[in-house]
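Trainee: what's the 3D shape of this:
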Amino acid sequence: MAKTTEKTQWPLNHFLCSHHIKISGRQEQDSRDDDWNPYFHGNQLKASKMASLLEDKLFEVSGQGAAPNKDFYQFVITKTEVIWRFWKISVRSEFRKTRPGELKQPHEYYLHDSQLQHQVKVVFGENVLLYTQGLCSGNFDYLARLSDRLLLRVLSFLELEDVQQLRCTSRKFQKLCDSEQFWEQAVRSRCDTVTLEMGSLARELGWKKVFFTNKLQLQKQISRRRQKQENVGTGADVM
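Mentor: Purely as a prediction, here's the structure:
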């Protein structure tokens, strides 16, 4: 048993210590090159700044195990650790006093924990396993984690064809690309001026509809709306 435990622990210890131990040969030379490489340190600084944009909780999923398993599980990835929680659900008397369980470990441990990875795959599927392995390896989906304000700024530089493609990638981008904020931004960026009447009409019809309405039809709609308002005002004065 001792030999088995030692074998299991060695790759993890080696992984954790690899940044602190000088290894002879090519790796030592690479390490010295990195120490004097401004490009290397520049990339580290950029990665650090990007990481500061992330919220503490990177991922969370919960659900019941596949039949016949009725246990409930929660899986959370934060910036620093992996949290696996489980609740035993059974009508059998021997499990009535079973308490919920929780396992916490650093990202590096999770990447080497084949048993936990197997549980994640069984309960939540291979896609969740691969995604969380990527997160724990530092492959963060920064774009999807930016605020809507910053994402709208990014979208302002894209052509509509590109926006449509981005819209299909996730529910978050679908919602953002369909939002009134995006289409108002699109109208204002493509029009020299947006009059008060045009803004009022857009809030009534929707900015997306205004965007796809040609100028002549837009002017007709504004004129009809103005005439209607004048008629209402005249009728109010008469009364």
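Trainee: count the neighbours of Trp207 for me.
Mentor: The local packing of Trp207 (other C-beta atoms under 10 Å) involves 21 other residues. Where C-beta positions appear, they are placed from N, C-alpha and C, glycine not excepted.
Trainee: how far off centre is the one helix or strand Ala144 maps to?
Mentor: Using DSSP states H and E, Ala144 sits in helix 142-145. From the chain centre to the centre of helix 142-145 is a distance of 5 Å (C-alpha atoms, centre = their mean, to the nearest Å).
Trainee: what's the residue nearest to Trp84 when sequence neighbours are not counted in contact with, if anything?
Mentor: Using C-beta to C-beta, 6 or more residues apart in numbering and skipping the chain neighbours, the partner closest in space to Trp84 is Leu103 (4.4 Å). Listed by C-beta atoms under 8 Å, 6 or more residues apart in numbering, the contact set of Leu103 reads 82-85, 116.
Trainee: what's the closest of the residues you listed to Ser223?
Mentor: Ile83 (61.1 Å; C-beta to C-beta).
Trainee: separation between the closest residue to the closest one other than its chain neighbours and Phe59?
Mentor: Leaving out its chain neighbours, the residue that sits closest to Ile83 by C-beta to C-beta, 6+ apart is Val76, at 4.2 Å. Here Val76 is placed at a distance of 7 Å from Phe59 (C-beta to C-beta, to the nearest Å).
Trainee: got the phi and psi for Leu196?
Mentor: Dihedral pair for Leu196: phi -60, psi -40, per degrees, to the nearest 10.
Trainee: pLDDT below threshold where in the chain?
Mentor: Within the chain, the set of residues satisfying pLDDT under 70 comprises 1-54, 233-239.
Trainee: can you map out the helices along it?
Mentor: 2-17, 26-35, 38-51, 107-112, 114-124, 126-136, 142-145, 148-155, 160-167, 171-177, 180-190, 196-205, 207-211, 215-238 (DSSP state H).
Trainee: how is this protein carved up into domains?
Mentor: 2-51, 57-142, 144-238 (automatic domain parsing).
Trainee: with that, I have no additional questions.
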